[in-house]
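**Q** Using only what follows, build the 3D model:
(2 chains)
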Amino acid sequence: GIQVEQSPPDLILQEGANSTLRCNFSDSVNNLQWFHQNPWGQLINLFYIPSGTKQNGRLSATTVATERYSLLYISSSQTTDSGVYFCAVNSGGYQKVTFGTGTKLQVIP
Amino acid sequence: NAGVTQTPKFQVLKTGQSMTLQCAQDMNHEYMSWYRQDPGMGLRLIHYSVGAGITDQGEVPNGYNVSRSTTEDFPLRLLSAAPSQTSVYFCASSSRGPEDEQFFGPGTRLTVL
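**A** Residues are numbered from 1 along each chain as shown, chains lettered A, B, ... in the order given. Presented below is the predicted three-dimensional model:
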(Lines give C-alpha, C1' and ligand atoms only; values in the text may rest on other atoms or scores of the structure.)
Protein backbone atom coordinates (compact mmCIF):
# COMPACT_ATOMS: atom_id res chain seq x y z
CA GLY A 1 0.00 0.00 0.00
CA ILE A 2 0.87 3.65 -0.17
CA GLN A 3 3.32 5.07 2.38
CA VAL A 4 2.74 8.52 3.85
CA GLU A 5 5.52 10.28 5.74
CA GLN A 6 5.26 13.60 7.52
CA SER A 7 8.01 15.87 8.69
CA PRO A 8 9.04 17.16 11.07
CA PRO A 9 7.50 14.85 13.70
CA ASP A 10 7.63 17.61 16.33
CA LEU A 11 7.82 21.37 16.07
CA ILE A 12 7.94 24.11 18.70
CA LEU A 13 7.30 27.67 17.56
CA GLN A 14 7.22 31.05 19.19
CA GLU A 15 3.89 32.79 18.69
CA GLY A 16 4.02 34.84 15.50
CA ALA A 17 6.51 32.59 13.71
CA ASN A 18 5.89 30.88 10.37
CA SER A 19 6.26 27.18 9.63
CA THR A 20 6.10 24.63 6.84
CA LEU A 21 4.92 21.07 7.34
CA ARG A 22 5.64 18.44 4.73
CA CYS A 23 3.80 15.30 3.59
CA ASN A 24 5.50 12.84 1.23
CA PHE A 25 3.64 9.95 -0.35
CA SER A 26 4.91 6.96 -2.27
CA ASP A 27 2.35 6.66 -5.07
CA SER A 28 -0.05 8.74 -7.13
CA VAL A 29 -3.10 9.90 -5.20
CA ASN A 30 -6.75 10.65 -5.89
CA ASN A 31 -7.08 12.94 -2.92
CA LEU A 32 -5.07 14.53 -0.19
CA GLN A 33 -6.42 16.17 2.93
CA TRP A 34 -4.84 18.09 5.75
CA PHE A 35 -6.38 17.86 9.21
CA HIS A 36 -5.72 19.58 12.49
CA GLN A 37 -6.33 17.52 15.60
CA ASN A 38 -6.80 19.99 18.41
CA PRO A 39 -5.84 19.30 22.04
CA TRP A 40 -9.40 18.08 22.70
CA GLY A 41 -8.99 15.39 20.06
CA GLN A 42 -11.28 16.80 17.38
CA LEU A 43 -10.23 16.32 13.76
CA ILE A 44 -10.77 19.52 11.84
CA ASN A 45 -10.70 19.63 8.05
CA LEU A 46 -8.18 22.16 6.83
CA PHE A 47 -7.79 21.47 3.13
CA TYR A 48 -8.94 19.00 0.51
CA ILE A 49 -6.14 19.43 -2.00
CA PRO A 50 -5.30 16.63 -4.46
CA SER A 51 -3.30 19.15 -6.47
CA GLY A 52 -2.59 22.86 -6.69
CA THR A 53 -2.64 25.55 -4.03
CA LYS A 54 -5.32 26.73 -1.63
CA GLN A 55 -5.38 29.37 1.05
CA ASN A 56 -7.60 29.91 4.06
CA GLY A 57 -6.62 32.83 6.22
CA ARG A 58 -3.20 32.27 7.76
CA LEU A 59 -3.03 28.74 6.39
CA SER A 60 -2.23 27.63 2.89
CA ALA A 61 -1.42 24.32 1.25
CA THR A 62 0.26 23.19 -1.93
CA THR A 63 0.23 19.72 -3.43
CA VAL A 64 2.63 18.79 -6.22
CA ALA A 65 1.12 15.48 -7.24
CA THR A 66 3.73 14.72 -9.89
CA GLU A 67 6.50 14.95 -7.28
CA ARG A 68 4.43 13.23 -4.57
CA TYR A 69 4.45 15.78 -1.82
CA SER A 70 2.28 18.37 -0.15
CA LEU A 71 3.17 21.33 2.04
CA LEU A 72 1.12 23.07 4.71
CA TYR A 73 2.14 26.62 5.53
CA ILE A 74 1.18 28.27 8.79
CA SER A 75 1.92 31.97 9.02
CA SER A 76 1.87 34.20 12.11
CA SER A 77 1.26 31.18 14.33
CA GLN A 78 -1.03 31.44 17.34
CA THR A 79 -1.30 29.27 20.45
CA THR A 80 -4.59 27.94 19.10
CA ASP A 81 -2.64 26.38 16.22
CA SER A 82 -1.16 23.87 18.65
CA GLY A 83 -2.06 20.24 18.12
CA VAL A 84 -1.24 17.52 15.62
CA TYR A 85 -1.42 18.00 11.88
CA PHE A 86 -2.18 14.99 9.72
CA CYS A 87 -2.18 14.50 6.01
CA ALA A 88 -4.27 11.68 4.59
CA VAL A 89 -4.38 10.28 1.08
CA ASN A 90 -6.31 7.90 -1.11
CA SER A 91 -4.49 6.09 -3.84
CA GLY A 92 -6.18 4.73 -6.93
CA GLY A 93 -7.80 1.32 -6.57
CA TYR A 94 -7.75 1.31 -2.78
CA GLN A 95 -10.99 1.73 -0.87
CA LYS A 96 -9.37 3.47 2.04
CA VAL A 97 -7.73 6.64 3.25
CA THR A 98 -4.19 6.31 4.62
CA PHE A 99 -3.00 8.70 7.31
CA GLY A 100 0.49 9.90 7.98
CA THR A 101 1.85 9.76 11.54
CA GLY A 102 1.44 13.48 12.00
CA THR A 103 3.40 16.57 13.01
CA LYS A 104 2.94 17.67 16.60
CA LEU A 105 3.02 21.46 16.79
CA GLN A 106 3.36 23.47 19.97
CA VAL A 107 3.07 27.24 19.77
CA ILE A 108 4.35 29.00 22.85
CA PRO A 109 3.48 32.58 23.86
CA ASN B 1 -26.81 19.67 9.21
CA ALA B 2 -25.40 17.93 12.26
CA GLY B 3 -22.69 16.32 10.09
CA VAL B 4 -21.23 13.12 11.55
CA THR B 5 -22.33 12.28 15.08
CA GLN B 6 -20.98 9.60 17.40
CA THR B 7 -22.23 8.20 20.68
CA PRO B 8 -21.14 7.73 23.36
CA LYS B 9 -18.29 10.22 23.86
CA PHE B 10 -16.69 8.10 26.58
CA GLN B 11 -17.08 4.47 27.59
CA VAL B 12 -15.42 2.14 30.09
CA LEU B 13 -15.85 -1.61 29.62
CA LYS B 14 -14.62 -4.69 31.39
CA THR B 15 -12.80 -7.38 29.45
CA GLY B 16 -15.31 -9.64 27.72
CA GLN B 17 -18.16 -7.17 27.64
CA SER B 18 -19.82 -6.22 24.38
CA MET B 19 -20.98 -2.86 23.15
CA THR B 20 -21.93 -0.89 20.05
CA LEU B 21 -20.46 2.45 19.07
CA GLN B 22 -22.98 4.48 17.13
CA CYS B 23 -22.25 6.63 14.09
CA ALA B 24 -24.73 8.61 12.03
CA GLN B 25 -24.51 11.18 9.25
CA ASP B 26 -27.17 13.41 7.74
CA MET B 27 -25.35 14.38 4.54
CA ASN B 28 -26.63 11.46 2.43
CA HIS B 29 -23.09 10.20 2.07
CA GLU B 30 -22.51 6.79 0.55
CA TYR B 31 -19.06 6.06 2.01
CA MET B 32 -18.60 5.60 5.75
CA SER B 33 -15.67 4.28 7.70
CA TRP B 34 -14.36 3.54 11.20
CA TYR B 35 -10.85 4.31 12.44
CA ARG B 36 -9.01 3.80 15.66
CA GLN B 37 -6.32 6.10 16.96
CA ASP B 38 -3.78 4.89 19.46
CA PRO B 39 -1.39 7.20 21.39
CA GLY B 40 1.24 8.79 19.19
CA MET B 41 -0.12 7.19 16.05
CA GLY B 42 -2.17 8.20 13.08
CA LEU B 43 -5.56 6.75 12.34
CA ARG B 44 -5.93 3.16 11.17
CA LEU B 45 -8.92 1.91 9.22
CA ILE B 46 -11.06 -0.78 10.89
CA HIS B 47 -14.01 -1.25 8.51
CA TYR B 48 -15.65 0.71 5.75
CA SER B 49 -18.86 0.75 3.73
CA VAL B 50 -19.48 2.00 0.20
CA GLY B 51 -23.26 2.02 0.61
CA ALA B 52 -26.18 0.46 2.44
CA GLY B 53 -25.77 -3.29 2.66
CA ILE B 54 -22.09 -3.25 1.63
CA THR B 55 -19.21 -3.43 4.11
CA ASP B 56 -15.60 -4.53 3.97
CA GLN B 57 -12.55 -4.88 6.19
CA GLY B 58 -9.83 -2.32 6.62
CA GLU B 59 -6.34 -2.67 8.11
CA VAL B 60 -7.28 -3.74 11.64
CA PRO B 61 -10.70 -5.50 11.54
CA ASN B 62 -10.15 -8.27 14.10
CA GLY B 63 -12.48 -8.04 17.07
CA TYR B 64 -14.94 -5.69 15.37
CA ASN B 65 -18.14 -6.15 13.38
CA VAL B 66 -20.10 -3.65 11.33
CA SER B 67 -23.34 -3.48 9.41
CA ARG B 68 -24.95 -0.85 7.20
CA SER B 69 -28.70 -1.26 7.02
CA THR B 70 -29.36 2.40 6.16
CA THR B 71 -27.41 5.15 4.41
CA GLU B 72 -27.35 7.21 7.60
CA ASP B 73 -26.08 4.74 10.21
CA PHE B 74 -22.90 2.70 10.52
CA PRO B 75 -22.56 1.07 13.96
CA LEU B 76 -19.36 -0.60 15.15
CA ARG B 77 -19.72 -3.63 17.43
CA LEU B 78 -17.22 -5.01 19.87
CA LEU B 79 -18.36 -8.55 20.62
CA SER B 80 -15.92 -9.34 23.45
CA ALA B 81 -13.86 -6.34 24.47
CA ALA B 82 -10.14 -6.74 25.14
CA PRO B 83 -7.67 -4.27 26.71
CA SER B 84 -5.95 -4.00 23.30
CA GLN B 85 -9.12 -2.29 22.05
CA THR B 86 -8.59 0.65 24.37
CA SER B 87 -8.40 3.52 21.90
CA VAL B 88 -10.15 6.52 20.46
CA TYR B 89 -12.59 5.61 17.70
CA PHE B 90 -13.51 7.93 14.87
CA CYS B 91 -16.25 7.56 12.31
CA ALA B 92 -16.03 9.34 8.96
CA SER B 93 -18.15 9.80 5.88
CA SER B 94 -17.76 11.13 2.35
CA SER B 95 -19.97 11.64 -0.62
CA ARG B 96 -19.05 8.68 -2.81
CA GLY B 97 -15.80 7.10 -1.71
CA PRO B 98 -12.34 7.52 -0.22
CA GLU B 99 -11.37 9.79 -3.09
CA ASP B 100 -13.72 12.48 -1.78
CA GLU B 101 -13.35 14.85 1.15
CA GLN B 102 -13.71 12.97 4.42
CA PHE B 103 -15.73 14.38 7.32
CA PHE B 104 -15.04 13.06 10.80
CA GLY B 105 -17.17 12.70 13.89
CA PRO B 106 -16.00 13.89 17.33
CA GLY B 107 -14.74 10.46 18.42
CA THR B 108 -15.47 7.95 21.18
CA ARG B 109 -12.84 7.37 23.87
CA LEU B 110 -13.02 3.71 24.92
CA THR B 111 -11.20 2.15 27.84
CA VAL B 112 -11.26 -1.62 28.39
CA LEU B 113 -10.17 -2.75 31.84
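**Q** Would you mind naming what in chain B lies close to chain A?
**A** Taking Cβ under 8 Å from any Cβ of the partner chain, the part of chain B that reaches chain A is made up of B:33, B:35, B:41-45, B:48, B:50, B:56, B:58-59, B:88, B:90, B:92, B:97-104, B:106-107, B:109. Quick note: C-beta positions are derived from backbone N, CA and C, even for glycine.
**Q** cutoff 6 Å now
**A** Applying Cβ under 6 Å from any Cβ of the partner chain, we find that chain B lies next to chain A at B:Gly42, B:Leu43, B:Leu45, B:Gly58, B:Pro98, B:Glu99, B:Glu101, B:Gln102, B:Phe104, B:Pro106, B:Gly107.
**Q** Sort out for me which of the residues you listed are in strands.
**A** With strands defined by DSSP state E, the entries of those inside them are B:Leu43, B:Leu45, B:Phe104.
**Q** quick one: secondary structure of the residue positioned nearest the centre of chain B?
**A** Taking Cα atoms, centre = their mean as the criterion, B:Trp34 is the residue nearest the geometric centre of chain B, at 3.1 Å. When the structure is reduced to helix, strand and coil (DSSP: H, G, I helix; E, B strand; the rest coil), B:Trp34 reads as strand.
**Q** Strands of chain B, start to end?
**A** Taking DSSP E to define them, one finds strands in chain B at B:4-7, B:10-13, B:19-25, B:31-37, B:43-51, B:54-57, B:64-66, B:76-78, B:87-94, B:103-104, B:108-112.
**Q** mind listing what's buried in the first one?
**A** By neighbour count, and taking 16 or more other Cβ atoms under 10 Å in any protein chain shown as the criterion, the buried residues in strand B:4-7 are B:Val4, B:Gln6.
**Q** where in chain A is pLDDT low?
**A** Screening chain A residue by residue with the criterion pLDDT under 70, one finds no matching range.
**Q** Please list the residues of it that sit near chain B.
**A** Within chain A, the positions near chain B by Cβ under 6 Å from any Cβ are A:30-31, A:41-43, A:48, A:90, A:95-97, A:99-102.
**Q** Give the buried subset of the residues you listed as a PyMOL selection command.
**A** Applied in PyMOL, the following selects the buried portion of those according to 16+ other Cβ under 10 Å:
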select buried, chain A and resi 30+31+43+90+95+96+97+99+100+101+102
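**Q** In contact with A:Lys96, which residues are there?
**A** B:Leu45, B:Gly58, B:Pro98 (Cβ atoms under 6 Å, 6 or more residues apart in numbering or on different chains).
**Q** Just confirm the second one contacts B:Ser49, I think it does.
**A** No - between B:Gly58 and B:Ser49 no contact is recorded; they are 10.6 Å apart, counting by Cβ atoms under 6 Å.
**Q** rewinding a little: name the member of the ones in strands among the residues of chain B next to chain A with the most neighbours.
**A** Scoring these on neighbours with other Cβ atoms under 10 Å in any protein chain shown, the highest-scoring entry is B:Leu43 at 27 neighbours.
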